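**Student:** Next input, structure requested:
(chains A and B)
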Amino acid sequence: MMRKIGGLRGSKRRRISKGVTHTRASFNNTIVTAADARGQVVSWFSAGACGFGGARKSTAFAAQTAAENAIRTLIDQGVKRAEVVITGPGPGRDTALRAICGSGVVLGLVRDITPMPHNGCRPPKRRCI
Amino acid sequence: CMAHPRRIKMVAQQIRREVGEMLIKDKVLMQAILPEAALGADLYLSSVTTISDVEISRDLQVAKIYISVFGDERGKEIAIEGLKSREKYVRMQLGKRMKLRLTPEVRFIADDSFERGARVIKLLDRLKEEAERKERGETIPDRSDDEDSDFDDDDEEIIFVE
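**Tutor:** Numbering: from 1, shown residues only, chains lettered A, B, ... in the order given. Next comes the predicted model:
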């Protein structure tokens, strides 16, 4: 039987030197996932999970709170450097970076991996106002 | 003639979505914000531009788009100048993407409210921490050379009134 490539079950106190923060900044919500360099998730926080709801979920302050909470879990694991990976438009793009800057973790690379088709699937129809 | 307030909000939100998407996906705007995108180095960013707010006039003729840029001084200047030079292009693209009788005039305005807010929150946190330390009876370490050099510190002198 194949052994699973170890997840973070059991002991939560691993020493990670370099972390990655994935920020998915959509228009209605922001989800920040803290992971190590390989991609194994440490924890995640979202604006909705931090207690905001509805219209307040889609604000920059909610995104900042979510990012701060996620960075705190990374700091607990002993991370000194962090990379930031951003997806999507939305108010959380900027504030996640600022939260990392102000938390004491050295900012590494900033990447934007918003999925861009090479003209593939037909997008949903335009919203008409 | 004045539009209904709800419609104004909806149009502002739609403009925000469209321009936000254009900032990521549109080649012309990307090259205006990040000149190195033209060379192909657009995956690893030197500055991140976001729309912090869109205000539209009550007759839906003028749209003020507040832009916040994260990055160093030069990156900020380049991004704002690039966007201001592309206002007419953005207006044309908005007209193509949205069904409006008259496309609003687009104005880009630099916005540093995020930085100011972050600075205020940081100061408040530090004050809180110092108050807690005083309560516990510890000495307060000297934090005068602990400032971030990232942000623009115009108003560094804070006057404490007792």
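
**Student:** And the next helix or strand past the helix or strand of chain A with the lowest mean pLDDT?
**Tutor:** None of the helices or strands of chain A scores lower by mean pLDDT, DSSP states H and E than helix A:92-101, at a mean of 84. Later in the chain than helix A:92-101, the nearest helix or strand by DSSP states H and E is strand A:106-112.

**Student:** what's the offset of that next one from the middle of its chain?
**Tutor:** On the basis of Cα atoms, centre = their mean, to the nearest Å, strand A:106-112 sits 12 Å off its chain's mean C-alpha point.

**Student:** now the angle from it to helix A:92-101?
**Tutor:** Counting by axes from the mean of the first three to the mean of the last three Cα atoms, to 10 degrees, strand A:106-112 lies at 170 degrees to helix A:92-101.

**Student:** in strand A:106-112, what counts as buried?
**Tutor:** Using 16 or more other Cβ atoms under 10 Å in any protein chain shown as the test for burial, strand A:106-112 gives A:108, A:110-112. Every C-beta, even on glycine, is put in place using the N, C-alpha and C of the backbone.

**Student:** List the contacts of that strand.
**Tutor:** For strand A:106-112, contacts defined as Cβ atoms under 8 Å, 6 or more residues apart in numbering or on different chains pick out A:18, A:80-87, A:97, A:100-101, B:24, B:42-46, B:48.

**Student:** Buried subset of those residues, written for ChimeraX?
**Tutor:** Filtering the contacts of strand A:106-112 down to the buried ones (16+ other Cβ under 10 Å) takes a single ChimeraX command:
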select /A:18,82,83,84,85,86,87,97,100,101 /B:24,42,45,46,48
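
**Student:** In CSV, list the C-alpha atoms belonging to the least confident helix or strand of chain A.
**Tutor:** What follows is helix A:92-101, C-alpha atoms only, in CSV (Å, rounded to 0.1, in the frame of the first residue of the first chain):
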residue,chain,number,x,y,z
GLY,A,92,-7.9,41.6,-1.0
ARG,A,93,-5.0,41.9,-3.4
ASP,A,94,-3.4,44.8,-1.9
THR,A,95,-4.2,44.3,1.7
ALA,A,96,-2.8,40.8,2.0
LEU,A,97,0.6,42.2,1.0
ARG,A,98,0.3,45.0,3.4
ALA,A,99,-0.6,42.7,6.2
ILE,A,100,2.5,40.6,5.6
CYS,A,101,4.7,43.7,5.4
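
**Student:** Packing partners of that helix?
**Tutor:** Here helix A:92-101 touches strand A:18-25, strand A:30-36, helix A:60-76, strand A:81-87, strand A:106-112, strand B:48-56, strand B:62-70, helix B:113-136, going by 3 or more Cβ pairs under 8 Å, 6 or more residues apart in numbering or on different chains; DSSP states H and E.

**Student:** does the last one come close to chain A?
**Tutor:** What it means is helix B:113-136. Yes. Using Cβ under 8 Å from any Cβ of the partner chain, helix B:113-136 reaches chain A at B:114-115, B:118, B:122.

**Student:** Where neighbours are concerned, which of those residues has the most?
**Tutor:** Within the residues of helix B:113-136 next to chain A, most neighbours by other Cβ atoms under 10 Å in any protein chain shown means B:F114, with 21 neighbours.

**Student:** Report the contact partners of that one.
**Tutor:** A:60, A:94-95, A:98, B:52, B:68.

**Student:** Just give the closest residue to the residue in chain A that chain B sits nearest to, not the sequence neighbours.
**Tutor:** Across chain A, no residue is closer to chain B than A:P89, which sits at 3.6 Å (Cβ to the nearest Cβ). Counting by Cβ to Cβ, 6 or more residues apart in numbering or on different chains, B:G20 is the residue found nearest to A:P89 once chain neighbours are left out, at 3.6 Å.

**Student:** B:A37 now?
**Tutor:** Nearest non-adjacent residue to B:A37, counting by Cβ to Cβ, 6+ apart: B:M30, 4.6 Å away.

**Student:** so which helix or strand takes in the one you found?
**Tutor:** Using DSSP H and E, the element containing B:M30 is helix B:27-33.

**Student:** Extract the C-alpha set from that helix and format it as CSV.
**Tutor:** Taking Å, rounded to 0.1, in the frame of the first residue of the first chain, the C-alpha atoms of helix B:27-33 are listed here in CSV:
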residue,chain,number,x,y,z
LYS,B,27,-2.3,43.7,-22.2
VAL,B,28,-2.4,47.5,-22.9
LEU,B,29,-3.1,48.3,-19.3
MET,B,30,-0.7,45.8,-17.9
GLN,B,31,2.1,47.3,-19.9
ALA,B,32,1.1,50.8,-18.7
ILE,B,33,1.3,49.7,-15.1
